[in-house]
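Q: show me how the following folds:
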Amino acid sequence: MNINADRLLTEIETLARFTEVDTPGWTRRFPSSAYQESRQWLRQRFENAGLTTHIDAAGNLHGRTATDTLPPICAGSHTDTVMGGGRYDGVLGVLGALEAVRTIQEAGIDLRHPLGVIDFLSEEATDYAIACMGSLAMCTGDFNPTWLHRTARNDHGNDIALADAIAIMGGDPERLRQQQPLTQSGEIAAFLEIHIEQGPILEAKGAKLAAVRGIVGIRRAIYQFHGRANHAGTTSMELRHDALAVAAELISTVERIAQAHPGTVGTVGKLDVRPNQGNVIPEEVTMMAEMRSLDMDELDAMWQEFTTGIEPACTKRGVTYESYNETRMNSVLAPAWLHETIHTICQRHDPHTIVIPSGAGHDSNYMSLIAPTAMIFVPSVDGRSHTPEEFTAAEDLVRGVQVLAEALVAIDGRLGE
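A: Next up, the predicted model:
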């Protein structure tokens, strides 16, 4: 059983033609015309492959082989992009899943479980400020009905409510008001997501494949520090109330803590300074800090060490602070049997296969709440993603989808044990 490499690569290039005009790189944002048109094309590709299609209330596009009494084994990802993104983020997971399912069907392999392909709606955060919207609504009861009233400007310059945007994509916003998962635990037998790494580790280690052990947990919060603006030349150091000096100390603290815990990361990626003038002591600073680790106990300990240092850093400078929007996202571990199955197949195709966590969030985060879930990574050249320079070599794309196809067959067998 070998996938059709030419067909896979041609479909990836064809989907790339659907992009918003007058934007850099590749841009298909929910609910733009380019995204709508690409969805119509994709649904037709599903149906041409003999899949039965439907769009659920959250706007997720589903394709499925013949109905069976057993729940389906599914694979998928997303086809929306960030502004000025690349050709492969998410797209590989959807078109790769389609190619894997087609290949299994064309090979005449008789499986116990039906197979499914899912294109999740709006994985990327948009002006509606909801990431992984389709998978969140599908797998949890956490979709807040008030979100439906949020508005964002579409590619025609018009404000459109989220409820209307979901309806445009074929969803049912009224159903989402019920705050109930669209798919219950057990209704999907297993879920796989193949994805570009979006990082430099595979390339650095000379690996062509990674069996993803899990998805890291995240601790994140926004802090606002309040000092006193004053003349930078006439205010002596001991009389200053410098909000930026507090933030600078804490930025170094985040870096130091993460460096002391291999395999973790810590970042302060957003900083707003007021009045932001060269000759004025900063009066107010807003800072977003985050840490990530696969081990939640380790992550919580790191976060505790960081937050414990905030009060002393403020007190010694006469600065006050407040925190808000604190987030704690649990890590996700692939079930051992599923991870081992994928790892074995990966090693068959690349003896240098590595095991790493995903440092980024994916639709798999939410799918893991309702089904055994695992991911496969292929290399990103120079670790680039969310940019037009995002690139993965054709042979790496093909190798990864071949692994996906073989994994779907193997999982069908393992589920029967």
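Q: separation between Ser323 and Ala125?
A: According to Cβ to Cβ, to the nearest Å, Ser323 and Ala125 sit 21 Å apart. Yep, even glycine has a C-beta here, placed from its N, CA and C like the rest.
Q: now do Glu37
A: 22 Å.
Q: counting neighbours, what do you get for the nearest residue to Tyr35 once chain neighbours are set aside?
A: Closest residue in space to Tyr35, ignoring its immediate chain neighbours: Arg28 at 4.4 Å, by Cβ to Cβ, 6 or more residues apart in numbering. The local packing of Arg28 (other Cβ atoms under 10 Å) involves 28 other residues.
Q: where does this protein dip in pLDDT?
A: Applying pLDDT under 70 to the chain flags the ranges 417.
Q: burial check on the nearest residue to Thr235 once chain neighbours are set aside, number of neighbours?
A: Distances taken as Cβ to Cβ, 6+ apart place Ile281 nearest to Thr235, at 6.1 Å, with adjacent residues excluded. A total of 21 residues lie near Ile281 under the criterion other Cβ under 10 Å.
Q: Ile281 and Gly233, how far apart?
A: 10 Å.
Q: likewise for Arg399?
A: 62 Å.
Q: looking at those two, which is more packed in?
A: More neighbours surround Arg399 than the other of Arg399 and Gly233, with 20 against 8 (other Cβ under 10 Å).
Q: off-centre distance for whichever strand or helix holds the more buried one?
A: Element membership of Arg399, judged by DSSP states H and E, is helix 394-415. In terms of Cα atoms, centre = their mean, to the nearest Å, the centre of helix 394-415 is set 21 Å apart from its chain centre.
Q: break this structure into its domains for me.
A: Annotated domains of the chain cover 5-215+331-415, 218-329 [automatic domain parsing].
Q: most tightly packed of those?
A: Ranked by mean neighbour count, those are led by domain 5-215+331-415 with a mean of 20 (mean count of other Cβ atoms under 10 Å).
Q: ends of that one, how far apart?
A: Taking Cα to Cα, to the nearest Å, domain 5-215+331-415 runs 28 Å from one end to the other.
Q: quick one, helices of this structure?
A: Using DSSP state H, the helices of the chain run over residues 5-16, 33-48, 91-106, 133-139, 162-168, 173-176, 201-205, 243-259, 296-308, 310-315, 336-349, 363-367, 394-415.
Q: closest to Val117 out of those helices?
A: For Val117, the closest of the helices of the chain is helix 91-106, at 4.5 Å, according to Cβ to Cβ.
Q: I'd like to know which elements that closest one is packed against.
A: Here helix 91-106 touches helix 5-16, helix 33-48, strand 73-78, strand 115-120, strand 190-196, helix 394-415, going by 3 or more Cβ pairs under 8 Å, 6 or more residues apart in numbering; DSSP states H and E.
Q: and the nearest residue to Thr183 once chain neighbours are set aside, how far from Thr81?
A: Excluding the flanking residues, the one nearest Thr183 by Cβ to Cβ, 6+ apart is Met138, at 5.3 Å. Here the criterion is Cβ to Cβ. By it, Met138 lies 20 Å from Thr81.
Q: and the residue nearest the centre of the chain, how far from Gly214?
A: Residue closest to the average C-alpha location in the chain (Cα atoms, centre = their mean): His362, at 2.8 Å. Note on His362: its distance to Gly214, by Cβ to Cβ, is 11 Å.
Q: next: Asp297.
A: For Asp297, the distance to Gly214 equals 14 Å [Cβ to Cβ].
Q: got it, and Glu37?
A: Distance, Glu37 to Gly214, by Cβ to Cβ: 35 Å.
Q: done for today, thanks.
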